[in-house]
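The following comprises the amino acid sequence and a computationally predicted model.
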Amino acid sequence: MEDLSQELSSITVSKPKLQETDASPDINAPNSYKSNNAKEIEVLNYAENFRRQFVHLYRDRKPLFLAPPNEFSIEKLVCTTLRPTLLPYKELYDWDGASQFVSDYLSYVPLECPNELPEHLYSPTEVLRRQKGNCFDFSNLLCSLLLGAGYDAYCVCGYATKEVTLMDQSRSQCPLLKKKDAVQKEEGKVKENKYDVKPPRDLRSKYLIKVPENFFIEPTTGNCVEPEEYLGIETLWNNTNYWVNMQDCSHGIGEMSYDLGDIARWEFMFPHNDKPLLMLPGEEEFDMPLDEEEEDVEEDSDMPGSWVNEIVIPLEDLQRRCPQGKKTILYKQAKYEIFAEYLMQDGMVARLTEYADSALTQPVKSMEWFKHRVDKLETRETDLVTNKVTETFGAGRQRALREHIYYSNQTGSEATRIMNFDASARTDGLKMREETPAKLTEHYCDRDDCLTKRLVNYTKRVKKFGPAEGNEKPVNQVTEFYSRDPSIPADDDIAELTFLLNEEKIFIKHHLQDQRIIASTHEYLKPQQSEDKGQVQITTDMVSSFQVERQAKTPKLMHIYQTITNLMKKEERCIENARLSEQEVRDVLEQRTQEELTTELSVSIYDTARNDTAKKRREEIERKKRDDEARREEMELDYLAPFLARIGDPAQMTAELAQQLKEDCLEDLKQRLIDMANLIQGRFEKETQQLQWKQTWYQQNQTTMTKEEEEEYVSYCSEAMFRIHILEERLNRHKELAPQKYVALESRLRSDNRLAEFLN
C-alpha cells in the first residue's frame with residue numbers, strides 16, 4: 001500500500017500557460033478600413049472646415065462629433081460609418097425587432113467619461129465581431145439596420161439622464177408590464193352609450209394614424225422612450241448628411257421642431273439636403289443660376305459611400321441573441337431573463353418575475369415564455385401568492401387544449417380548474433370546461449343539436465375502503481341548455497333540460513314564443529319498474545305541465561310514455577358524458593405531468609445543425625449503454641479465474657495457495673494502477689508538447705496569418721487546454737481512488753468464500 005502511494009506520488013504533471021491574445025481589430029479587414037481614398041480625404045477636409053466655422057461662431061457649444069478614428073485609428077466621417085443593410089430575417093424588418101436584437105446581442109460598455117465624446121467610433125462589423133460597445137456603437141449598428149429596412153432613421157448625439165447613460169433600468173417599469181396595464185385599461189373602459197352623439201368619422205388612413213411623426217429609440221434597451229428622458233440634442237446624422245441643432249434645449253426636447261429643412265433650427269453640413277428647405281422670414285427665393293465654382297463645390301462635396309463592409313449576421317448568432325445565450329435585466333420590482341432558443345431543456349426563452357419590494361426578494365408573480373415544445377406550451381403565468389397557474393398552448397395540441405388555469409396547491413379531482421379549447425378543432429364543439437369540487441360546467445358552440453352548456457352538480461362523496469378508481473363523485477343534478485332552433489316551434493324546442501337524480505324528476509323549459517314573457521314548462525316523475533314484469537307504469541299524474549297557449553291539447557298516455565322513455569335514455573347519456581369529461585380531465589392532467597417530467601423539444605427538418613447534434617447525442621447515449629452493459633458483464637465474471645488457472649485449478653485450497661492468490665491479485669492490481677497512471681501522464685505530456693509547438697508556430701507566423709488561421713489557432717488552444725485539464729483531473733482522481741481500490745480488493749479477497757477460511 002505504501003509502495004503504491006509512493007510510486008503514484010512521483011508521477012506529477014504541470015499545466016502549461018496559454019498565451020493571451022489582444023483584442024485587436026480584424027486583420028482581414030479591407031483597405032477601406034485602414035486608409036482613406038481621395039474622395040474621403042476631400043470630405044474630411046470639408047468637414048474640418050465646417051467644424052472650424054462652427055467653433056468660431058459658437059465658442060460655448062460642445063465640440064462636434066464629426067470624424068472620430070475607427071478601430072484602425074483612421075479618421076472617418078460618422079455619416080460614412082453607417083452601412084444600410086437589409087438582412088434576410090423578417091424579425092429585423094420592424095424597428096422593435098431590430099432594436100431588441102441589438103440590445104440583446106451586444107454587451108453595454110459605458111463611456112469612460114459620461115459627459116465626453118468617445119475617442120473612437122468602431123464600424124458596425126467590428127462591433128458585431130466584438131459583441132460589445134458603447135452607446136454610439138449601439139446607435140451606429142441599429143441605425144444601419146433601420147436604414148436598410150427603409151426607415152428614415154438618424155443617430156442622435158446629445159444628453160440624457162443618468163439612468164439612460166448607465167443603462168440603469170432598476171427605477172423604470174418593465175415594458176412588458178406597461179403593455180399589460182394598457183390592455184387591462186382598454187378592457188376596463190366603460191362601453192359607450194349607443195344613444196350618445198358620435199364624433200364625425202375620421203377619414204384619414206389608419207396606417208398614417210398609427211405611425212407617429214418622430215419617435216426615439218434607446219438602442220441600449222431596445223425600447224421606444226419618451227422625449228422627457230433626453231435632456232438635449234447637439235447633432236444628428238444619417239448616411240446622407242449631418243445636422244447641427246440650433247434650438248434651445250434648456251427645457252428639454254419635448255417642444256423642439258424636427259423639421260430638418262428649417263435652416264433656422266437645423267444647420268446642415270452638405271448642401272445637397274434632401275429635406276425641403278424653409279426660408280428665413282423676410283427672405284425671398286430667387287431662381288438664379290449657380291456659378292461654375294459653386295457647382296463644382298456641390299459636386300465635390302457629395303457624400304462618399306460607406307467604407308464599411310456589408311453587415312452579415314449568421315443565423316446561429318441571431319438565434320443565440322445574447323452573449324453566452326442568456327441575459328438578465330433588472331427593472332423596478334421586476335426581473336426579466338432572456339434565454340436563447342434550445343438553451344434551456346424545457347424550451348424556455350424568457351421569464352419575467354414580479355416582486356413586492358425593490359430589493360427583489362419577495363416574488364409575487366412569474367411569467368414564462370416557451371418555444372419549440374412538442375406539447376405546444378407557449379406561456380405559463382404563476383401567481384405566487386394565490387398559487388394560480390395559467391398555461392396557454394399553441395394550435396395543434398392533442399384534444400385542442402388552448403388554455404389551462406389551475407391552482408398548484410390543489411391536486412386531484414377535488415381541485416378547481418378551467419380548460420379552454422379550440423372548438424373548431426373538436427368534434428364535440430367543446431369551448432370551455434370549468435371544474436370545481438361541487439360542479440362541472442361545459443360550454444359548447446356550433447353543435448347540430450344546439451347544445452350550448454351542460455352543468456353537472458355533485459354531492460359529497462361517500463368515503464369507501466378500497467381503490468379510489470371506483471369511488472366516483474356522485475351526480476346530483478344535470479342541466480343542459482340549448483339555443484333556439486328556428487325549424488321547431490317554440491313550445492316544442494327545449495331551452496333547458498334538468499335531471500334531478502335524487503328526486504327522480506325531469507324538468508323541461510321551452511323557448512319563449514314571439515311576444516310572450518313566459519315559457520312553457522313540463523315536469524316528469526320517473527316511473528318505478530314493476531317487480532314481476534320488469535315494465536314501467538305510466539300515469540297522467542306523473543306529468544305536470546304549464547302551457548302558454550290555452551288551445552294546447554292534453555298529451556295522450558302513449559305520448560307521455562315515449563317522452564319519459566326518451567328522457568330516461570337521455571339522462572343515461574348525460575351521466576355517461578359527464579363521466580367521459582371527468583376521464584378526459586384525468587387524462588389531460590396525467591399527460592401534463594408526464595410532459596413536465598420528460599420535456600421534448602421539436603427540431604425543424606431544415607435545422608440541419610441541431611438534427612446532426614441530436615443524432616450524435618443519441619449515438620453517444622447508445623454507446624454509453626453498450627459500455628455499461630459490457631462493464632456489468634465483466635464485473636459478474638470470476639476475478640480469481642486467471643490466477644487459479646496459473647496454479648492448475650487445484651481441487652482443494654490450502655493456506656499457502658490462498659496467500660499466494662491474494663498476493664498475486666494485489667500485485668496485479670497494483671501494476672495495472674501504476675500502468676494506468678503512466679498512460680495518463682504520457683498522454684498529458686504529448687498534449688502539452690503539441691500545444692507548445694503550436695504556440696511557437698503562432699509566434700513565428702503571427703503577422704502573416706489569415707483570419708481563418710487565427711480562429712483555427714484559438715479554437716485549437718481552447719480544445720487542447722480542455723483536454724489537458726481533463727487529463728490532469730483524471731490523474732488526480734486516479735491517485736485518490738487507487739488506494740481505495742487496493743483496499744477494496746483486499747477486503748473482497750478476505751470475504752471470498754474460497755479464501756476466507758485461510759486468510760482470516
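That came through, no problem. None of the values given here were measured: they were computed from a predicted structure.

Check the secondary structure at the residue nearest the centre of the chain for me.
When Cα atoms, centre = their mean is applied to the chain, the residue found nearest the centroid is V349 (1.7 Å). For V349, the assignment made with DSSP: H, G, I helix; E, B strand; the rest coil gives strand.

so what's it up against?
Counting by Cβ atoms under 8 Å, 6 or more residues apart in numbering, V349 touches 338-341, 369-371. C-betas here are computed from N, CA, C, even on glycine.

neighbours around the residue nearest to Y458 when sequence neighbours are not counted, how many?
Excluding its sequence neighbours, the residue lying closest to Y458 (Cβ to Cβ, 6 or more residues apart in numbering) is K473, at 4.5 Å. Neighbour count for K473, taken as other Cβ atoms under 10 Å: 18.

ok, back up a step: pLDDT added to the contacts of V349, as CSV?
Listed next are these as CSV, based on pLDDT from 0 to 100:
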residue, pLDDT
I338, 92
F339, 92
A340, 90
E341, 88
W369, 95
F370, 95
K371, 92
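
Can you name the next helix or strand after the host helix or strand of R586?
Per DSSP states H and E, R586 falls inside helix 557-597. Going down the chain from helix 557-597, the next helix or strand is helix 608-636, by DSSP H and E.

Next secondary structure element downstream of that next one?
helix 641-646.

Now find how far off-centre that next one is within its chain.
The chain centre lies 62 Å from the centre of helix 641-646; the measure is Cα atoms, centre = their mean, to the nearest Å.

and the gap between the nearest residue to I680 once chain neighbours are set aside and R723?
Of all residues not flanking I680 in the chain, L731 sits nearest, at 4.7 Å (Cβ to Cβ, 6+ apart). Distance, L731 to R723, by Cβ to Cβ, to the nearest Å: 13 Å.

These two: which is more packed in?
L731 (21 against 15).

Would you confirm that the more buried one contacts L679?
No. Counting by Cβ atoms under 8 Å, L679 is not a contact partner of L731; they are 9.8 Å apart.

Let me know the closest of the contacts of V349 to R129.
A340 (18.7 Å; Cβ to Cβ).

In the stretch 1-150 of the chain, where is pLDDT below threshold?
For the stretch 1-150 of the chain, the stretches with pLDDT under 70 are 1, 4, 8, 13-23.

And the helices in it?
Using DSSP state H, counting those that start in this stretch, the helices of the stretch 1-150 of the chain run over residues 2-9, 31-34, 38-57, 78-81, 95-105, 124-130, 135-148.

These: which one's closest to Q173?
Taking the helices of the stretch 1-150 of the chain one by one with Cβ to Cβ, helix 95-105 is closest: 16.8 Å.

The closest one versus helix 135-148: what angle between them?
If you take axes from the mean of the first three to the mean of the last three Cα atoms, to 10 degrees, helix 95-105 sits at 150 degrees to helix 135-148.

and helix 95-105, what other elements does it pack with?
On a contact count with 3 or more Cβ pairs under 8 Å, 6 or more residues apart in numbering; DSSP states H and E, helix 95-105 meets helix 135-148, strand 223-225.

between these, which gets nearest to A519?
strand 223-225 (56.0 Å).

could you point out which element follows that closest one?
Beyond strand 223-225 toward the C-terminal end (DSSP H and E), the next one is strand 230-237.

Show me how far the helix or strand just after that following strand is from its chain's centre.
Later in the chain than strand 230-237, the nearest helix or strand by DSSP H and E is strand 242-245. For strand 242-245, the separation from the chain centroid amounts to 40 Å (computed by Cα atoms, centre = their mean).

and strand 242-245, what does it pack onto?
Right, strand 242-245 is packed against strand 230-237, strand 266-268 by 3+ Cβ pairs under 8 Å, 6+ apart.

how about the ones you listed, which one is nearest L330?
Comparing the helices and strands packed on strand 242-245 against L330 with Cβ to Cβ, the closest turns out to be strand 230-237 (22.0 Å).

what is the mean pLDDT for that closest one?
On average, the pLDDT along strand 230-237 is 93.

Adjacent strands (with direction) for that strand?
Strand 230-237 has the following sheet partners, assigned by DSSP bridges: strand 155-160 (antiparallel), strand 242-245 (antiparallel).

Between these, which one is closest to H56.
In terms of Cβ to Cβ, the element of the strands paired with strand 230-237 nearest to H56 is strand 242-245, at 13.7 Å.

which outside residues touch that closest one?
Applying Cβ under 8 Å, 6+ apart, the contact partners of strand 242-245 are 47, 54, 64, 66, 77-79, 158, 233-237, 256, 260, 265-270.

Verify the contact between L231 and S250 for me.
No. Assessed by Cβ under 8 Å, L231 is found out of contact with S250, at 9.4 Å.

who has more neighbours, those two?
Neighbour totals were compared for L231 and S250, and L231 leads with 16 against 7 (other Cβ under 10 Å).

Chain neighbours aside, what residue packs nearest to the more buried one?
Spatially, and ignoring its direct neighbours in sequence, L231 is nearest to Y159 (4.1 Å; Cβ to Cβ, 6+ apart).

tell me which residues in stretch 161-173 are buried?
Judged by neighbour count (16 or more other Cβ atoms under 10 Å), stretch 161-173 contains these buried residues: 164-165, 167, 169, 172.

ok, which pair from those is furthest apart?
Most distant of the buried residues of stretch 161-173, by Cβ to Cβ, are T165 and S172, 13.6 Å apart.

does the residue nearest to Y458 count as helix, strand or coil?
Under three-state DSSP, K473 comes out as coil.

and what of I680?
Using three-state DSSP, the structure places I680 in helix.

That one contacts R733, doesn't it?
No. Judged on Cβ under 8 Å, I680 makes no contact with R733 at a distance of 9.8 Å.

Tell me who's in contact with the closest residue to V225 other than its chain neighbours.
Among residues not flanking V225 along the chain, E218 sits closest, at 4.8 Å (Cβ to Cβ, 6+ apart). Going by Cβ under 8 Å, 6+ apart, E218 touches 164, 224-225, 229.
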